[in-house]
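Student: Below are the sequence and a predicted model for it; my questions follow.
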Amino acid sequence: MTQRVGTGRLARTLVEGRRLASELTDLGKSATSRYVVFLGNFVSLVIMARFFGPKDFGAVAAVQAVSMLFLLMAEAGIGANIVQKRNITKHEANAYFTIAVGYSLFLALSLAILSPLLGAFYNISGTEVLVVMAAAGVFISGVGTVPAALLQRERRFGKIAVAALIADGLATLCAILLRSEVAPHYALASRALTLALVQAAILYKTCAVTETGRPHLGPYRSVARSIGRFSSFQVLFNFVGFSSKSIDDVAIGKFFGPDSLGYYNRAYQLTRYMLTLSVFAVTPGLQTMVARHNDLAEVEKLHRKVIWVSTPVGVVLTIVAMSSAAIIVRVLLGPGWEKTAELFRIICVAVGCQVIAASTGVFYQASMRTDVMAFCGMGELILVVASVIWGVMTGSLIAMTWIITVTLALASFIYVSAVFLVVYRCSYYSWTKFALIPFLICFVNGFLAYSVS
């Protein structure tokens, strides 16, 4: 009897070991592919900053503050829904694709209709054309959602990375060549459109290797209800979440001008690159890993491990960024971008907090509690709107950046706290250990690093 028990434990240990090895392999593939893409984006950033100025980036960023919202809504949780499914048929893949195409077309047309209003709002030359170009990008990106999700579901991260690299290189080259033919901000805006087109085309061709093959238009009713249940709160979260992260761009573009928005937007993008370097690179693999766990206790256990790893990463990343902000801006962006350095240092105060919160959405989705995630997003939107109004009233871009940074750190803390207290229903001791203390460490570290740098 004892021998049987020992054999059973050994078998379970071997199974768990194989599963852990498989999960770590997925994370490694995800991280490697994302780092390769990051390297391509890094090179593009260095090149583009030397061909286009703050005013050009500001004009494009003003439109992207709105178009990216439509882009997130076009995804509508469809990709996450596909990745979460253990089995998917050819018929279901076609249904998802049909819904994605129709929904993206609706959103693209809606954005294009808004072009005169956005032009009048910003009063920036050429805004209407930029909006129409962005609308085309929304449709094309929406079409590529399902092929990308089918590849991610089967952990073919390398193929996704190749598509992103090729698209990034061609888009950058296209923008540079167009610069001598059209207005600089039109040439810069063409990069996003070209990137979406090339990437969607490659992903669609490549997904032929998946078990369902390339998706086609077909009946969609079979998955409409599933998407509705899974994605309704996901869409709401995308809407309020990105609204809270883009309303600052809208306000700066309106009240401080395209030059100021160009400096601020580049500082924020540098921060996003840091988050990609630390956390976002493993998110696709983490999403696939978490999807394999059906038990909420296992999901919580994995989330705790992620936070304990993320905390020291956030601390180190903040210190490195603060101490070398001027060098980073000078090397990556070149001359003419000196004002970005101080904004970058301020935003980096909250980088550690954002590192901790970056992967939390995966755990909300795995727990099927996107409703809680959506309500957190609504709370964040209220906080950010109030902080933006306060920042505009100060009349200072520096003051506004400080206010937004502190607000985003607070919102990240609430976002993580809710998953522990509401979704996992853990004790206050666990919440203190895995939410409060890590955030306090990262936030205090951010302020200290800013003070001494």
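Tutor: It's in. Numbering: from 1, shown residues only.

Student: Low-confidence stretches in this protein?
Tutor: 1-35, 75-77, 220-244, 277-294 (pLDDT under 70).

Student: Contacts only, for the closest residue to residue 179 other than its chain neighbours.
Tutor: Residue nearest to residue 179 in three dimensions, not counting chain neighbours: residue 187, with 4.3 Å by Cβ to Cβ, 6 or more residues apart in numbering. Yep, even glycine has a C-beta here, placed from its N, CA and C like the rest. Applying Cβ atoms under 8 Å, 6 or more residues apart in numbering, we find residue 187 in contact with 52, 175-176, 178-179, 181.

Student: Just put the residues you listed in TSV and tack on neighbour count and distance to residue 350.
Tutor: Listed next are those as TSV, based on neighbours: other Cβ atoms under 10 Å; distance: Cβ to Cβ, whole Å:
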residue	neighbour count	distance to residue 350
52	21	27
175	25	31
176	17	34
178	18	36
179	19	35
181	8	41
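
Student: and which of these is nearest to residue 151?
Tutor: Taking Cβ to Cβ as the measure, residue 151 lies nearest residue 175 of the contacts of residue 187, at 26.5 Å.

Student: In contact with the closest one, which residues?
Tutor: Residue 175 is in contact with 48, 51, 187-188, 190-191, 194, counting by Cβ under 8 Å, 6+ apart.

Student: And for residue 49?
Tutor: 266, 332-334, 337.

Student: now with 10 Å?
Tutor: By Cβ atoms under 10 Å, 6 or more residues apart in numbering, the contact set of residue 49 is 57, 266, 329, 332-337, 340.

Student: ditto for residue 412
Tutor: 350, 352-358, 360, 376, 380, 439, 442-443.

Student: Tell me which of those residues fall in helices.
Tutor: Of the contacts of residue 412, the ones assigned to helices by DSSP state H are 352-357, 360, 376, 380, 439, 442-443.

Student: Please convert the residues you listed to JSON lines, extending it with neighbour count and distance to residue 259.
Tutor: Compiled in JSON lines, the ones in helices among the contacts of residue 412 are given as follows (neighbours: other Cβ under 10 Å; distance: Cβ to Cβ, whole Å):
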{"residue": "352", "neighbour count": "31", "distance to residue 259": "30"}
{"residue": "353", "neighbour count": "29", "distance to residue 259": "29"}
{"residue": "354", "neighbour count": "25", "distance to residue 259": "26"}
{"residue": "355", "neighbour count": "28", "distance to residue 259": "30"}
{"residue": "356", "neighbour count": "27", "distance to residue 259": "33"}
{"residue": "357", "neighbour count": "28", "distance to residue 259": "31"}
{"residue": "360", "neighbour count": "22", "distance to residue 259": "35"}
{"residue": "376", "neighbour count": "25", "distance to residue 259": "34"}
{"residue": "380", "neighbour count": "23", "distance to residue 259": "28"}
{"residue": "439", "neighbour count": "24", "distance to residue 259": "34"}
{"residue": "442", "neighbour count": "29", "distance to residue 259": "32"}
{"residue": "443", "neighbour count": "21", "distance to residue 259": "31"}
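
Student: Distance to residue 433 for these - can I get that in TSV?
Tutor: Formatted as TSV, these follow (distance: Cβ to Cβ, whole Å):
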residue	distance to residue 433
352	17
353	16
354	20
355	18
356	13
357	16
360	16
376	20
380	24
439	11
442	15
443	16
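
Student: can you give me the helices in the stretch 251-400 of the chain?
Tutor: Using DSSP state H, counting those that start in this stretch, the helices of the stretch 251-400 of the chain run over 258-278, 283-291, 296-323, 325-333, 339-347, 351-357, 360-366, 370-394, 397-418.

Student: What are the buried residues along the helix or strand following the last one?
Tutor: It stands for helix 397-418. For helix 397-418, the following helix or strand on the C-terminal side (DSSP states H and E) is helix 428-431. Buried positions in helix 428-431, judged by neighbour count with 16 or more other Cβ atoms under 10 Å: residue 431.

Student: Stretch 105-112 too?
Tutor: 107-108, 111-112.

Student: what does that stretch contact?
Tutor: Under the criterion Cβ under 10 Å, 6+ apart, residues 63, 66-67, 69-74, 76, 118, 128, 131-143 lie in contact with stretch 105-112.

Student: coming back round to it: let's see which of the contacts of residue 187 end up in helices.
Tutor: Going by DSSP H, the helices hold 175-176, 178 from the contacts of residue 187.

Student: could the residues you listed be laid out in JSON lines, adding distance to residue 258?
Tutor: Formatted as JSON lines, the ones in helices among the contacts of residue 187 follow (distance: Cβ to Cβ, whole Å):
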{"residue": "175", "distance to residue 258": "18"}
{"residue": "176", "distance to residue 258": "21"}
{"residue": "178", "distance to residue 258": "19"}
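
Student: closest to residue 214 among those residues?
Tutor: Looking across those and measuring by Cβ to Cβ, the closest to residue 214 is residue 175, at 29.2 Å.

Student: Kindly provide the distance from the nearest residue to the closest one once chain neighbours are set aside to residue 104.
Tutor: In space, and not counting its chain neighbours, residue 175 is closest to residue 191: 4.0 Å by Cβ to Cβ, 6+ apart. Counting by Cβ to Cβ, to the nearest Å, the separation of residue 191 from residue 104 is 20 Å.

Student: go on, residue 349?
Tutor: According to Cβ to Cβ, residue 349 and residue 104 sit 37 Å apart.

Student: coming back round to it: tell me the spacing between the residue nearest to residue 175 and residue 167.
Tutor: 10 Å.

Student: Residue 201 too?
Tutor: Per Cβ to Cβ, residue 201 is found 9 Å from residue 167.

Student: intersection of neighbour lists for the two?
Tutor: Common contact partners of residue 201 and residue 167 (Cβ under 10 Å, 6+ apart): residue 144.

Student: Looking at these two, which is more packed in?
Tutor: residue 167 (23 against 17; other Cβ atoms under 10 Å).

Student: Specify the next element, helix or strand, located C-terminal of the host helix or strand of that one.
Tutor: Using DSSP H and E, residue 167 sits in helix 157-178. The C-terminal neighbour of helix 157-178 among helices and strands, as given by DSSP H and E, is helix 184-206.

Student: now that following helix against helix 258-278, angle please.
Tutor: Per axes from the mean of the first three to the mean of the last three Cα atoms, to 10 degrees, the angle that helix 184-206 makes with helix 258-278 is 30 degrees.

Student: Convert stretch 369-383 to PDB, retaining C-alpha atoms only.
Tutor: Output of stretch 369-383 as PDB, limited to C-alpha atoms (Å, rounded to 0.1, in the frame of the first residue of the first chain):
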ATOM      1  CA  ARG A 369     -14.000  38.200 -13.800                       C
ATOM      2  CA  THR A 370     -13.600  40.800 -16.500                       C
ATOM      3  CA  ASP A 371     -16.600  42.600 -14.800                       C
ATOM      4  CA  VAL A 372     -14.300  43.500 -11.800                       C
ATOM      5  CA  MET A 373     -11.600  44.500 -14.200                       C
ATOM      6  CA  ALA A 374     -14.100  46.800 -16.000                       C
ATOM      7  CA  PHE A 375     -15.200  48.500 -12.800                       C
ATOM      8  CA  CYS A 376     -11.600  49.100 -11.800                       C
ATOM      9  CA  GLY A 377     -11.100  50.700 -15.200                       C
ATOM     10  CA  MET A 378     -14.100  53.000 -14.600                       C
ATOM     11  CA  GLY A 379     -12.600  54.000 -11.300                       C
ATOM     12  CA  GLU A 380      -9.300  54.700 -13.000                       C
ATOM     13  CA  LEU A 381     -11.000  56.900 -15.600                       C
ATOM     14  CA  ILE A 382     -12.700  59.000 -13.000                       C
ATOM     15  CA  LEU A 383      -9.300  59.500 -11.200                       C
END
